[in-house]
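K.L.:
could you work out the structure for the sequence below:
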Amino acid sequence: MVRLLRPFGRAVTYTRLLHLFIGVVWPSMWLFVQEVWWIWLVAAVALAPAALVPAMRTAEGLQARLLLTGHRHDEASTDIVVAPSASWGDRGRLVVWLEARLLLGYVTTTVCARLVFVVVDLLSAPFERDVAEAGPLLLDGHHWWHVLLVPLPLALLAATVLGAGGLITALALRLLGPSPAERVAALEERTEQLLERTRIARELHDSIGHALTVAVVQAGAARAAGDPAFTDRALAAIEETGRAALEDLERVLGVLRESGRPVGGRPTLADADRLLESARASGAKVDVETTGPLDSVPGPVSREGYRILQESLTNVLRHAGSVPALVRIAVTGGTLTLEVRNPLTAGIPGPGRGSGLRGIRERAALLGGQARTGPDRGDWQVHVELPVS
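P.N.:
Below you'll find the predicted structure:
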């Protein structure tokens, strides 16, 4: 019993009924002027051209979201679209929706009104006694026991309210839902959001991981050296690296807080000197060979190249320590080539392991390039080729 009554404790049950009543208010007003049946036919015909107005879909979508589903207009739900009609298919579905809403609203309103009148009539039966009669019999065939029949029309009224509300909601999801083109656009937007989250995760891994690696290496070297001058240089390097990591962290958190904010200010290969100096300050002997115009590299490729270089140098410091490293950056034939080599040590992981190496390969693949990581002629190599055109 409680399960049957549970829907009547939900606000959406009554807002759905209100939605149906609103749909028939304007043609019902004409009945006060002239009570003729063809008013409803005129209303049905008038709805067809109204549905051709693009903004009508927005108005109907907002009503349906609020009254039929209980969702606000600003909620990120694609069940019911609030965008204007963009195609003739959208307009056609809106015509069907308006006609169906009018028909269902008329039927529901009529049935509910008649059932309410029946309930009132049954409840008033004991009070409609004929003054000439003294007994249980009432005027017009009304008897006192007719009150016992009240639960029947009430049950029919409840079934009508629930059934009509469920039907109009199902029609709204079908006719006011996204078109195939809108579903594809929503899927693409969702994909972009997931890619953005993945990119942010990689950036945090690369930036914070690099800073922590430099800090650990510098602190360990300073403790082992026992030289005040070296300790001062190590602390300065830790401070600079930590400050850069905090800037990256603030930028990434700003992107997360403001989803509509364009991503900007990310470092590019033009800022690679900061990485190289940080690695050198940590004890690595880094040599750099640059070929070609780096300023001709497109922004997205240059930014991803910076992160790839950052992760590669982080791996050198983390796994090899203070060893010589060779960095080659070349822009030739429409391809950006990044290569980082350092002597192979026992601590170097095998190819394919580690989230950093996986992130390098993912970055390269997203840009249509390729990456090779692993031992090569006695060295550990990270070799990445990215198209720049």
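K.L.:
Ile308 contacts Thr337, correct?
P.N.:
No - using C-beta atoms under 8 Å, Ile308 is not in contact with Thr337, being 11.1 Å away. The C-beta positions use only the backbone N, C-alpha and C, and glycine is treated the same way.
K.L.:
who touches both of those two?
P.N.:
Common contacts of Ile308 and Thr337 (C-beta atoms under 8 Å, 6 or more residues apart in numbering): Val384.
K.L.:
who has more neighbours, these two?
P.N.:
Ile308 (27 against 18; other C-beta atoms under 10 Å).
K.L.:
contacting residues around the more buried one?
P.N.:
Leu338, Ile360, Arg363, Ala364, Ala371, Val382, Val384 are the contacts of Ile308 under C-beta under 8 Å, 6+ apart.
K.L.:
in helices, which of those residues fall?
P.N.:
When DSSP state H is applied, these are split such that Ile360, Arg363, Ala364 fall in helices.
K.L.:
what's the burial count for the nearest residue to the last one once chain neighbours are set aside?
P.N.:
Right, Ala364. What sits nearest to Ala364 in space, not counting adjacent residues and going by C-beta to C-beta, 6 or more residues apart in numbering, is Ala371, at 4.0 Å. Counted with other C-beta under 10 Å, the neighbours of Ala371 add up to 21.
K.L.:
quick one: which of the ones in helices among the contacts of Ile308 is most hemmed in?
P.N.:
Of the ones in helices among the contacts of Ile308, with other C-beta under 10 Å as the count, Ile360 tops at 26 neighbours.
K.L.:
ok, now which ones touch it?
P.N.:
Ile308, Glu311, Ser312, Ala371, Thr373, Val382, Val384.
K.L.:
once you drop chain neighbours, what's closest to Asn342?
P.N.:
Nearest one to Asn342, counting by C-beta to C-beta, 6+ apart, is Ala325 at 4.3 Å.
K.L.:
what's the next secondary structure element after the host helix or strand of Ala155?
P.N.:
Here Ala155, judged by DSSP states H and E, is contained in helix 151-175. Heading C-terminal from helix 151-175, the first helix or strand you meet, by DSSP H and E, is helix 180-225.
K.L.:
packing partners for that next one?
P.N.:
helix 228-257, helix 272-281, helix 299-315, helix 355-366 (3 or more C-beta pairs under 8 Å, 6 or more residues apart in numbering; DSSP states H and E).
K.L.:
pretty sure Val119 is touching Pro153, no?
P.N.:
Yes - with contact defined as C-beta under 8 Å, Val119 counts as touching Pro153 (5.1 Å).
K.L.:
so what sits against both of these two?
P.N.:
Joint contacts of Val119 and Pro153 (C-beta under 8 Å, 6+ apart) do not exist.
K.L.:
domain map for the chain?
P.N.:
2-178, 184-387 (automatic domain parsing).
K.L.:
ok, and the most crowded of the contacts of Ile360?
P.N.:
Ser312 (29 neighbours).
K.L.:
quick one, what contacts that residue?
P.N.:
Leu338, Val340, Ile360, Val382.
K.L.:
which ones among those residues map onto strands?
P.N.:
Leu338, Val340, Val382 (DSSP state E).
K.L.:
double-check the first one against Gly305; I have them as touching.
P.N.:
I take that to be Leu338. Yes - between Leu338 and Gly305 there is a contact under C-beta under 8 Å: 5.8 Å.
K.L.:
what do the two both touch?
P.N.:
What both Leu338 and Gly305 touch, as defined by C-beta under 8 Å, 6+ apart, is the set Ile329, Val384, Leu386.
K.L.:
need those in a markdown table with pLDDT and distance to Ser85, can you?
P.N.:
Converted to a markdown table, these look like this (pLDDT from 0 to 100; distance: C-beta to C-beta, whole Å):
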| residue | pLDDT | distance to Ser85 |
| --- | --- | --- |
| Ile329 | 93 | 52 |
| Val384 | 94 | 47 |
| Leu386 | 92 | 42 |
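K.L.:
tell me which of those residues fall in strands.
P.N.:
If you go by DSSP E, these have Ile329, Val384, Leu386 in strands.
K.L.:
my guess is the first one meets Asp287, correct?
P.N.:
No - the pair formed by Ile329 and Asp287 falls short of the contact definition of C-beta under 8 Å, at 11.8 Å.
K.L.:
these two: who's more crowded?
P.N.:
Counted by other C-beta under 10 Å, Ile329 and Asp287 do not tie: Ile329 has more neighbours, with 20 against 11.
K.L.:
ok, back up a step: just checking, the residue nearest to Asn342 is part of a helix?
P.N.:
No - counting by DSSP: H, G, I helix; E, B strand; the rest coil, Ala325 is not part of a helix but strand.
K.L.:
and it, how far from Arg280?
P.N.:
9 Å (C-beta to C-beta, to the nearest Å).
K.L.:
overlap in contacts, these two.
P.N.:
Val286.
K.L.:
so who does Gly334 touch?
P.N.:
Pro387, Val388, Ser389.
K.L.:
wait, doesn't the first one sit right on Thr332?
P.N.:
No - Pro387 is not in contact with Thr332 according to C-beta under 8 Å; the separation is 12.0 Å.
K.L.:
more neighbours: which of these two?
P.N.:
Pro387 (14 against 10).
K.L.:
tell me who's in contact with that one.
P.N.:
Contacts of Pro387 by C-beta under 8 Å, 6+ apart are Val301, Gly334, Thr335, Leu336, Leu367, Gly368, Gly369.
K.L.:
of those - the most surrounded one?
P.N.:
Leu336 leads these on contacts (other C-beta under 10 Å) with 26 neighbours.
K.L.:
in what helix or strand does that one lie?
P.N.:
strand 335-343.
K.L.:
which strands or helices does that strand pack on?
P.N.:
helix 299-315, strand 324-332, strand 379-387.
K.L.:
what lines up beside that strand in the sheet?
P.N.:
strand 324-332 (antiparallel), strand 379-387 (antiparallel) (DSSP bridges).
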